[in-house]
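Novice: Pasting the sequence and the predicted coordinates here, then a few questions.
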Amino acid sequence: MTSLSELPIRDDLRGKTPYGAPQAPVRYQLNVNENTHPVPEEVAQHVVESVARAVLGVNRYPDREFTELREHLAAYLGHGLTPESIWAANGSNEVLQHVLQAFGGPGRSLLGFPPTYSMHSIIASGTGTTWIAGRRDADFELTPEAAAAQVAEHRPDVVFLCAPNNPTGTPLGVDVVAAVYDAAPGIVLVDEAYAEFMPKDQPSALSLLPGRERLLVSRTMSKAFAFAGARVGYLAADPAVIDALRLVRLPYHLSALTQAAAVAALQHAPTMLAMVDDIAAQRDRLVAELPGLGFRPYPSSANFVFFGGVDDPQATFRALFAKDILIRDVGIPNTLRVTAGTEQETSYFLEQLAALGPGGA
Ligand code: PMP
């Protein structure tokens with residue numbers, strides 16, 4: 001058997017580990033922040049019909065410009081956005097990869113603020129971009145002053161902000177985004193994968209786009225929109241940025257089947273998003289009930305809760321796994337992260353955690 005280290009792999013990839021959230025067919029999958037509510041039957045029906053029509057044409061390459069999809073995404077986002085300002089790819093992970101292929105790369109740097117979404121540094125590494133780990137304040141907060149000072153110090157080519165932040169759930173105000181933008185010499189991307197779960201009075205960075213041609217806001221259909229398996233992520237930015245992304249994408253990167261499925265689903269946006277308020281209520285319930293079990297939840301504007309007070313995260317992870325529950329140990333001492341699911345899933349999780357006793361031992 002050949003080992004990885006024996007291969008003539010790029011030096012900068014030696015010793016790296018791939019993204020690896022465990023996948024297991026357990027009943028309670030609360031580890032990767034999906035929407036745990038299935039796609040409603042009526043939407044599934046329409047998606048299948050659209051995909052069936054598209055199949056008849058797959059002898060041809062798909063629309064390379066995914067025009068109809070961009071029209072629907074622009075309409076969904078609102079904020080006066082037009083299709084020329086929209087980009088899409090197979091999950092927002094691929095969108096982020098396109099951004100770093102175009103604006104990062106060898107000799108260039110990306111500043112992020114860990115703990116944050118693990119793929120940010122992994123995509124930096126895959127594209128040969130130097131990852132600069134910024135610092136957060138106590139409780140994982142990021143003030144406009146602290147963030148802007150770090151941008152001014154490092155002068156990175158690209159800054160990634162995560163709003164709300166994964167894995168901590170920490171909200172990030174548009175004041176931070178504006179301050180970072182003013183301090184940054186290059187591209188500023190706000191990863192808003194969980195935007196639909198934010199409190200309704202919390203503005204999106206989309207509201208800052210006019211007049212800021214170096215600002216990019218990425219979104220996904222994987223979370224609130226209950227479409228993770230279809231792999232559709234997208235981004236809004238100045239049309240010139242979209243032109244830059246065209247230089248690095250592979251032609252026809254979004255299959256005709258993906259485009260048909262996403263366009264059909266977007267026509268049912270209110271139905272697809274119907275469970276968002278319920279999920280946010282379960283998130284708030286987790287934050288309210290975890291202290292009574294001896295844990296310390298952090299504030300969250302996303303569909304998951306990060307909590308401290310865990311004596312041995314791996315032991316608790318394993319004990320819950322034995323009860324058919326998968327949650328996430330992101331490697332931060334004494335903490336775990338759990339996705340807010342249905343009311344029944346959340347109840348079962350809380351019951352099983354309570355049974356382990358304070359500290360989760
Ligand atoms: N950004 C953040 C902050 C995420 O948590 C995730 C998924 N875990 C993604 C982007 C990627 O999602 P997708 O590729 O499914 O759009």
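Specialist: Cool, the structure landed. Numbers count the residues shown, from 1 in each chain.

Novice: nearest spatial neighbour of the spatially most central residue of the chain, skipping sequence neighbours?
Specialist: For the chain, the residue nearest the mean C-alpha position is residue 193 (3.8 Å; CA atoms, centre = their mean). Setting aside the residues directly before and after it, residue 193 is nearest to residue 220 in space (CB to CB, 6 or more residues apart in numbering), at 4.8 Å. Every C-beta, even on glycine, is put in place using the N, C-alpha and C of the backbone.

Novice: Let me know how buried the closest residue to the ligand within the chain is, in neighbour terms.
Specialist: At 2.7 Å from the ligand, residue 91 is the closest residue in the chain, using CB to the nearest ligand atom. Counted with other CB atoms under 10 Å, residues neighbouring residue 91 total 20.

Novice: Pull the contacting residues for it.
Specialist: 220, 222, 231, 232, 233 (CB atoms under 8 Å, 6 or more residues apart in numbering).

Novice: same question, residue 148
Specialist: For residue 148, the contact set (CB under 8 Å, 6+ apart) comprises 179, 180, 182, 183.

Novice: rewinding a little: ok, the residue nearest to the centre of the chain touching residue 163?
Specialist: No - Residue 193 sits out of contact with residue 163 when judged by CB atoms under 8 Å, with a separation of 9.1 Å.

Novice: What is the most widely separated pair among the contacts of residue 91?
Specialist: Greatest spatial distance in these: 220 and 231, 9.3 Å, computed using CB to CB.

Novice: between these two, who's got more neighbours?
Specialist: residue 220 (25 against 20).

Novice: The more buried one contacts residue 232, correct?
Specialist: Yes - the criterion here is CB under 8 Å, and residue 220 meets it with residue 232 at 7.2 Å.

Novice: how close does the closest residue to residue 269 other than its chain neighbours get to residue 326?
Specialist: Distances taken as CB to CB, 6+ apart put residue 76 closest to residue 269, at 5.7 Å, once the chain neighbours are dropped. Here the criterion is CB to CB, to the nearest Å. By it, residue 76 lies 30 Å from residue 326.

Novice: Comparing those two, which shows the higher neighbour count?
Specialist: Using other CB under 10 Å as the criterion, residue 76 and residue 326 rank with residue 326 on top: 21 against 17.

Novice: Enumerate every residue touching the closest residue to that one other than its chain neighbours.
Specialist: Distances taken as CB to CB, 6+ apart place residue 31 nearest to residue 326, at 4.4 Å, with adjacent residues excluded. Applying CB under 8 Å, 6+ apart to residue 31 gives the contacts 21, 22, 326, 327, 328, 337, 338, 339.

Novice: same deal with residue 177?
Specialist: So residue 177 contacts 161, 163, 188, 190, 205, 208, 215 (CB under 8 Å, 6+ apart).

Novice: what about it, helix or strand, and which?
Specialist: helix 174-183 (DSSP states H and E).

Novice: In that helix, which residues are buried?
Specialist: Using 16 or more other CB atoms under 10 Å as the test for burial, helix 174-183 gives 174, 176, 177, 178, 179, 180, 181, 183.

Novice: so what's the nearest residue to residue 21 once chain neighbours are set aside scoring on pLDDT?
Specialist: Nearest residue to residue 21, sequence neighbours excluded (CB to CB, 6+ apart): residue 32, at 5.2 Å. We have a pLDDT of 95 for residue 32.

Novice: same deal with the one 3 residues further on?
Specialist: pLDDT for residue 35: 95.

Novice: wouldn't it be in contact with residue 225 here?
Specialist: Yes - here residue 35 reaches residue 225: they are 7.2 Å apart, a contact under CB under 8 Å.
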